[in-house]
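Asks: Turn this into a model:
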Amino acid sequence: MNFWIFSTRLCMVTVILFVMLMPVMHAEQAGDQSSVRYINNWLQRWQTQSQDTPGGQWTSVRLSEERAPELPSDAKSVWIRFDLPPSSEEESLFIPNLYAKEVSITMNGTLVYHSSRSYSYDKYRIVTALPDLSNGGEVMIHAETDRDRAGLSKGFYVGPHESIEQMNARANIRDIVLGGGFIFVSLVMYACMWFLKRNQWGPWLSLSTMILSIGVMMITYAPSIYMYFNSFGEWFYQMFDTSLVFFLPALTYFFEQIFGPGKYRFFTRFRKAQIAYSLFLCAALVTNILTDGQYFSIYYFFAVTVLGIIMIIQFPLILIATIVYAKRGNKDAGILAAGIGAFAVIGTGELIWFYMQEKAYDLYLWKLGIVLFIGSLIILLGRRMADNHKKVIQYSKELHEYIGKMQHSEKIGAIHELAPSIAQEVNEPLGKTKELLLQIAGRAEQARESGHIKLAIEELERASSILSNYFNLMDGSEAESSHLHIREELEQVSDIVQPFAMLQGGFIELDAADNLYGYGNRDQFRQSLLNLIKNGLEALDGEGRIRLSAYLELDSIVILVADNGRGMDEQSLNRLGNPYFTAGKANGTGLGLMTTFQLIERMNGTLSFTSTIGEGTTAWIRIPAAADSKAAQ
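Replies: Numbers count the residues shown, from 1 in each chain. The predicted model follows:
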């Protein structure tokens, strides 16, 4: 289980890094305030067509809230102008958020920055050095767009180049480090998946996909990645959409794997609908790429508006379901409810605010919700690991006790099998010796000799009595009989063997009616089942299953122990139960199955086998049904 511990520690490191980076959540406002100036007022003018120079009247803007300026319906671009005082230092301009598809910045008529984008991401983060400010200067920003927003969404900074670079670096490291940490953890988890059993792949794969999607979204949503790698911006933008499309079905699938499909299989159906919609969005994304964004407005409607509504529905649904499970006493649901609850409240609230602000709000609090959600998954995973460890230890102790009983019973069974023949072979010469001694005693002339012969006869009778008593002990006819609830006995045996079956690549299925009852010795009945299940597990080649089932047939209870192992031929079937015969087991003695036959017979039952090579073997146990079994029917 080292890979579980390793992956958990990696996730914990990621959360710790996020906590350490919390102070720089708004790092662009940090730094040396005495040397860096924050500017939130400027002159602005909208233009209805692209022009190299502004025209018309300037209006004064003083930004008091972080919201993109409303773009007039006929406007195509915006001009922004502000003046800088004289300075003897080399200064730079830092703009945290600027909406545009093409940006040009000039100072005193000299072009200092220009960038244009052919893809849809329109959020700029800009750092550019300014020319000589010894006499001050006038800065002009021209932001041109084909979207429904343009211009500054918050103020900007002017200060010494070194301070500006430090401020920009602190603002960038938050998303890059956190997103990179999630991606690294997900890749490790994908690699660890090969060490898991196939029936564990579902929740592990969905969790890995969620963490990978989160990491990619954090990085590709950050403006800094487009700032430094503008030529790959289109790919980053598409990666964000693709990651979101994968994240939502993976979240539903993970919930379904942990808590089940829900009433009327609601979450299964919801997940299938999400997968279908995700495939539709992937096709729409490819179409948008191939047509160079000709149908971007349609794609934007389905990928942003409709998908956002789906998220607003999905998160509260999962939250409500986890709360319901938690109220039923499921502690895992309580842990997950806390994480999903934080994620759902933050995510849903921010999405609602996003639409209330007419999509002019920058989503960033969802990252905190994501980290809290992943933290709850880490706690849930750790708790399950601890519980599983305790169960394995408990099951190991119980199985060790049962194995001890099985070994003891095998020895007793072997002796029991040989006892009649031994008693017969020994009693015969004892009887003959006794007859000879009686004849000699009748002819003995001296009382002393007669007394010796009488003593010898008494000792022979005592030896015969000891053999008879020993045989009766081996017969076990006085074993305590109990009222057996067949399903509970099958569940008990299944719980004991299940962890070890999984370690060998197999698993145990149980399908038994709840109203079946019989009579017999509980320990001997469980021992018989353990012998049969153990033989079935040893017959599996790698992965496989053991199926336990029980049903009522007339006046008998039929119990099946079926495996899908290698099977055996008819000749081997006919020899099952014979001492020292084993069907392909290197270290077997054959005594366990012989004992099983005898224990079932003591319950007035029968044991038989059917098998097909390559398909598996089925053990058929038939025992008399108790009266309450018939009444329950």
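Asks: how's the protein carved up into domains?
Replies: As given by automatic domain parsing, the domain ranges for the chain are 24-167, 394-475, 482-632.
Asks: The residue nearest the centre of the chain and Gln257, how far apart?
Replies: The centroid of the chain falls nearest to Pro203 when counting by C-alpha atoms, centre = their mean (2.8 Å). Counting by C-beta to C-beta, to the nearest Å, the gap from Pro203 to Gln257 is 4 Å. For the C-beta atoms, the positions are set from N, CA and C on the backbone; glycine is no exception.
Asks: what does Gly215 give?
Replies: 21 Å.
Asks: which one of the two has more residues nearby?
Replies: Gly215 (23 against 18; other C-beta atoms under 10 Å).
Asks: contacting residues for the more buried one?
Replies: Each residue near Gly215 by C-beta atoms under 8 Å, 6 or more residues apart in numbering is listed here: 178-186.
Asks: buried residues in stretch 526-546?
Replies: 526-540, 544-546 (16 or more other C-beta atoms under 10 Å).
Asks: Put the alpha carbons of that stretch into PDB.
Replies: What follows is stretch 526-546, C-alpha atoms only, in PDB (Å, rounded to 0.1, in the frame of the first residue of the first chain):
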ATOM      1  CA  ARG A 526     -18.300 -22.600   8.300                       C
ATOM      2  CA  GLN A 527     -15.300 -24.800   8.100                       C
ATOM      3  CA  SER A 528     -16.900 -26.700   5.100                       C
ATOM      4  CA  LEU A 529     -17.600 -23.400   3.300                       C
ATOM      5  CA  LEU A 530     -14.100 -22.100   4.000                       C
ATOM      6  CA  ASN A 531     -12.600 -25.400   2.600                       C
ATOM      7  CA  LEU A 532     -14.600 -25.000  -0.600                       C
ATOM      8  CA  ILE A 533     -13.900 -21.300  -1.100                       C
ATOM      9  CA  LYS A 534     -10.200 -21.900  -0.400                       C
ATOM     10  CA  ASN A 535     -10.100 -24.600  -3.100                       C
ATOM     11  CA  GLY A 536     -12.000 -22.200  -5.500                       C
ATOM     12  CA  LEU A 537      -9.500 -19.400  -4.900                       C
ATOM     13  CA  GLU A 538      -6.600 -21.700  -5.500                       C
ATOM     14  CA  ALA A 539      -8.200 -22.800  -8.800                       C
ATOM     15  CA  LEU A 540      -8.200 -19.100 -10.100                       C
ATOM     16  CA  ASP A 541      -5.600 -18.200 -12.600                       C
ATOM     17  CA  GLY A 542      -4.900 -14.500 -11.700                       C
ATOM     18  CA  GLU A 543      -8.200 -12.600 -11.700                       C
ATOM     19  CA  GLY A 544     -11.500 -14.300 -11.100                       C
ATOM     20  CA  ARG A 545     -14.500 -14.500  -8.800                       C
ATOM     21  CA  ILE A 546     -16.100 -16.900  -6.300                       C
END
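Asks: what's the burial count for Asn604?
Replies: Neighbours of Asn604 (other C-beta under 10 Å): 13.
Asks: what sits against it?
Replies: 623-624.
Asks: I'd like the contacts of Gly215 laid out as CSV, including pLDDT and distance to Gln492.
Replies: Shown next, in CSV, are the contacts of Gly215 (pLDDT from 0 to 100; distance: C-beta to C-beta, whole Å):
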residue, pLDDT, distance to Gln492
Leu178, 82, 48
Gly179, 86, 48
Gly180, 87, 49
Gly181, 86, 45
Phe182, 87, 43
Ile183, 91, 45
Phe184, 90, 44
Val185, 86, 39
Ser186, 88, 39
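Asks: quick check, nearest of these to Ile374?
Replies: Phe182 (7.6 Å; C-beta to C-beta).
Asks: Wait, that closest one touches Met217, no?
Replies: No: counting by C-beta atoms under 8 Å, Phe182 stays clear of Met217, with 9.1 Å between them.
Asks: more crowded one of these two?
Replies: Phe182 (27 against 24).
Asks: Once you drop chain neighbours, what's closest to that one?
Replies: Gly215 (3.1 Å; C-beta to C-beta, 6 or more residues apart in numbering).
Asks: circling back: what strand or helix carries the residue nearest to the centre of the chain?
Replies: helix 201-221 (DSSP states H and E).
Asks: Equivalent analysis for Ile258, please.
Replies: Going by DSSP H and E, Ile258 is part of helix 233-259.
Asks: and that helix, average pLDDT?
Replies: Throughout helix 233-259, pLDDT has a mean value of 85.
Asks: What is it packed up against?
Replies: helix 201-221, helix 223-228, helix 266-290, helix 307-327, helix 331-356 (3 or more C-beta pairs under 8 Å, 6 or more residues apart in numbering; DSSP states H and E).
Asks: what is the orientation angle of the longest one with helix 307-327?
Replies: Computed with axes from the mean of the first three to the mean of the last three C-alpha atoms, to 10 degrees, the direction of helix 331-356 lies at 150 degrees from that of helix 307-327.
Asks: Just give me how far helix 331-356 sits from the chain centre.
Replies: 20 Å (C-alpha atoms, centre = their mean, to the nearest Å).
Asks: again with the fourth one
Replies: Distance of helix 307-327 from its chain centroid, counting by C-alpha atoms, centre = their mean, is 19 Å.
Asks: likewise the first one?
Replies: How far helix 201-221 lies from its chain's middle: 12 Å, per C-alpha atoms, centre = their mean.
Asks: next one: the shortest one
Replies: Going by C-alpha atoms, centre = their mean, the spacing between the C-alpha centre of helix 223-228 and its chain's C-alpha centre is 34 Å.
Asks: State the mean pLDDT of that helix.
Replies: Helix 223-228 comes out at a mean pLDDT of 82.
Asks: ditto for stretch 196-203
Replies: pLDDT averaged over stretch 196-203 gives 76.
Asks: Just the buried positions in it, please.
Replies: Here stretch 196-203 shows Pro203 as buried, counting by 16+ other C-beta under 10 Å.
Asks: wait, what's in contact with His114?
Replies: Contacts of His114 by C-beta under 8 Å, 6+ apart are 103-105.
Asks: Between its first and last residues, what's the separation in stretch 142-149?
Replies: End-to-end distance of stretch 142-149 (C-alpha to C-alpha, to the nearest Å): 14 Å.
Asks: Between the contacts of His114, which sits nearest Arg575?
Replies: Among the contacts of His114, and counting by C-beta to C-beta, the member closest to Arg575 is Val103, at 86.5 Å.
Asks: average pLDDT across the helix or strand hosting that closest one?
Replies: Assigned by DSSP H and E, Val103 belongs to strand 102-107. Strand 102-107 carries an average pLDDT of 93.
Asks: Thr618: which element?
Replies: Using DSSP H and E, Thr618 sits in strand 616-624.
Asks: Could I get the buried residue list for that strand?
Replies: Neighbour-count burial for strand 616-624 [16+ other C-beta under 10 Å]: 616-619, 621-623.
Asks: elements contacting that strand?
Replies: Going by 3+ C-beta pairs under 8 Å, 6+ apart, strand 616-624 lies up against strand 517-520, helix 522-539, strand 556-563, strand 606-612.
Asks: and the ones you listed as JSON lines, adding mean pLDDT and distance to Ile309?
Replies: Below are the helices and strands packed on strand 616-624 laid out as JSON lines (pLDDT from 0 to 100; distance: least, C-beta to C-beta, whole Å):
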{"stretch": "strand 517-520", "mean pLDDT": "88", "distance to Ile309": "55"}
{"stretch": "helix 522-539", "mean pLDDT": "82", "distance to Ile309": "50"}
{"stretch": "strand 556-563", "mean pLDDT": "91", "distance to Ile309": "49"}
{"stretch": "strand 606-612", "mean pLDDT": "89", "distance to Ile309": "54"}
